[in-house]
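> When you get a sec, could you give me coordinates for this:
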Amino acid sequence: MVIVSNIKRVVSVFILRPNHNNPSSIDCDVAVFRRCPTMPTYANHWAGISGSIEEDDGSPIEAAVRELREETNVVDIFMDYMSRNYADKHFNGLLGDNSRDETQHMRSYLKAGLHIDVSKKNSHGAFGGRIIRVYPFALKLPSRSSWLGIEMRGTEHDQMKFVSVKEFFDLAPCVPGLQAAFHQATAGSYLELPSDVRAWENDRVNGAAYLARKAVLLAAALYPMSHSQAVGDAYNPPNIAVSIAMLRPSMVPIVNAMREFDRRLRENAKSKNVNTVQAEILQSFDSEVERCVNLSVETILNDYTARQCQSSSSDFVIGTFSRSSTLKLILERLLQTLHDPSNALSTSIRVVCSQSTPGNEGELMANDIPNSTCVSDTTFHQLVKQGKIHLAIIGADCILSNQTGIVNKIGTAALAQVCKLSHVPIKCFSDRWKVWDDIYAPPLEEIFEVVPQDLLDSVSLYQNSREVILVWGKN
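Okay, here's the model as predicted:
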């Protein structure tokens, strides 16, 4: 994984309206704006609503809403639409007068995509030659008529028009990376991808490590036929590795693996082939997971031994949440260690899996692990409160930078809160493929959430191949 510095961060918002020929289809018209001749960068180029992320912006989405308000009347149209169409619901009662309220109400309609980096070569030296990191968003309302009154504001643009998606991809001249950012903002909805890739995309049962391995195999099988070279400023559809990454943006090992897969092939085209890169990445997966398993088993055994010294009971119950192939390996190795005749520890460890609704992945996790049981999420919380679960362990789909927290399935934060209030340790085990490289969290799919660092007792992983253990949180 390559960590990028010297970055100019900007947002780009794509305003979508239903296509007038088929309003119920996925096809939309895209609003494009021509930058004024007086603009210091990319004058007379077509763009979305874009602008820098400023110090007062708490996140890219706050910057996106601010730019929409400064450059159009779209926020006013949106708020008016919501107040009229949700008059009998809670929306009107929550309306406020500040930008934070607007951002909160628009959050579920502004869909975020993975950021893209525009290199110095492709940016033509804009912003002092820094890499331009674009955080893309798509905004779509169900009513075509709601966009009839859209107007431009400010002095950045001199023309606005709606174009079909096909016309959008042929648009020129455009700001660098415009079409690539659009694909990210719309999560690959307008890409023609093989059916097995779409089937992989819709897997909501398996965890990030498992799906990342599958992604590498898919990319290796399909990469040769999808790879194309851009000529000048001409638009080329993303190759299969880039496409796969945008489909599951919250699962960071997938994103990291696909970016690394693409980078290695582009930078070493003459010395490496697809099969070599596939083997290298899969080997790295195996090595990192093995380090994670060894560290995790050692940590759990230490917790087990400490409890044995403090309690007359030999019972030790480990609770898990959701389904994780890495946690499965950890628990299997732990139980194998305890059943080893040479091990002096008793074998009284039991595993309880929270059902993990929605999706009920905990039921599958319980089937994966011998002699484990699955209980409802409510019962699991009660067991924690009653002190009948002694250690909760979780995986992660993403380890946020700067030790601020993790991303995991919804419900993890509630469990962590219960553990904290009940003085039951909750520990996260992960590997470096899940470390996110940006200061902002990745786009969150509906089934994921951010779990703040202060709700976790620790997050443990090997930082690099030199086996330096990085542990943050309480121990």
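> So what touches stretch 172-180?
Stretch 172-180 has contacts (C-beta atoms under 8 Å, 6 or more residues apart in numbering) with 12, 35, 42, 44-48, 50, 116, 118, 122-124, 132, 134, 168-169, 171, 233, 235, 238. Backbone N, C-alpha and C define where each C-beta goes, glycine included.
> Take those and, keeping just the buried ones, write it as a ChimeraX select command.
To isolate in ChimeraX the members of the contacts of stretch 172-180 that are buried, counting by 16 or more other C-beta atoms under 10 Å, one can use:
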select :12,35,42,45,46,47,48,50,116,118,123,132,134,168,169,171,235,238
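> Share the number of residues neighbouring the residue nearest to Arg69 when sequence neighbours are not counted, please.
Closest residue to Arg69 apart from its sequence neighbours, by C-beta to C-beta, 6 or more residues apart in numbering: Val75 at 4.6 Å. Burial of Val75 is recorded as 20 neighbouring residues (other C-beta atoms under 10 Å).
> Equivalent analysis for the one 10 residues further on, please.
Applying other C-beta under 10 Å, we find 14 residues neighbouring Asn85.
> Quick check: pLDDT value at it.
On the pLDDT scale, Asn85 is placed at 70.
> Over to Phe91?
The model reports Phe91 with a pLDDT of 47.
> residue ranges for the strands of the stretch 251-400 of the chain, please.
316-320, 349-354, 373-375, 391-394, 398-399 (DSSP state E, counting those that start in this stretch).
> Among the contacts of stretch 172-180, name the ones in strands.
The strands, defined by DSSP state E, take in Ser12, Arg35, Trp46, Ala47, Ser50, Ile116, Val118, Ile132, Val134 from the contacts of stretch 172-180.
> give the contact list for the fifth one.
For Ser50, the contacting residues are Val10, Val11, Ser12, Val13, Glu67, Val134, Val175, by C-beta under 8 Å, 6+ apart.
> From those, list the buried ones, please.
The neighbour-count test (16+ other C-beta under 10 Å) marks Val10, Val11, Ser12, Val13, Glu67, Val134, Val175 as buried among the contacts of Ser50.
> Could you dump these into a markdown table with pLDDT added?
Converted to a markdown table, those look like this (pLDDT from 0 to 100):
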| residue | pLDDT |
| --- | --- |
| Val10 | 96 |
| Val11 | 98 |
| Ser12 | 98 |
| Val13 | 98 |
| Glu67 | 96 |
| Val134 | 97 |
| Val175 | 95 |
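> farthest pair in those?
Glu67 and Val175 (13.8 Å; C-beta to C-beta).
> circling back to that earlier point, and the residue nearest to Arg69, how close does it get to His157?
Distance of Val75 to His157, given as C-beta to C-beta, to the nearest Å: 16 Å.
> which ones are touching Ile318?
Ile300, Leu331, Ile349, Arg350, Val351, Val352, Ile389, His390, Leu391, Ala392, Ile393.
> residues near Thr276, how many?
Look at Thr276: counted by other C-beta under 10 Å, it has 14 neighbours.
> Please tell me how far it sits from Leu282.
Taking C-beta to C-beta, one finds Thr276 at 11 Å from Leu282.
> same question, Lys270
22 Å.
> on that earlier part again, could you look up the SS state of the residue nearest to Arg69?
Three-state call for Val75 (DSSP: H, G, I helix; E, B strand; the rest coil): helix.
> Pretty sure it sits against Arg66.
No. Using C-beta atoms under 8 Å, Val75 is not in contact with Arg66; the gap is 9.1 Å.
> where are the low-confidence patches of the stretch 351-475 of the chain?
Counting by pLDDT under 70, the stretch 351-475 of the chain contains low-confidence ranges at 463-475.
> redo that, cut-off 50
For the stretch 351-475 of the chain, residues meeting the criterion pLDDT under 50 lie at 466-468, 475.
> do the same with the chain
88-95, 228-233, 466-468, 475.
> which one's the longest helix in it?
helix 274-310 (DSSP state H).
> Now for the spatially most central residue of the chain: which residues touch it?
Ranked by distance to the mean C-alpha position of the chain (C-alpha atoms, centre = their mean), the top residue is Ser250 at 1.9 Å. By C-beta under 8 Å, 6+ apart, the contact set of Ser250 is Asp397, Cys398, Val407, Pro442, Pro443, Leu444, Glu445, Phe448.
> Can you classify it by secondary structure?
coil.
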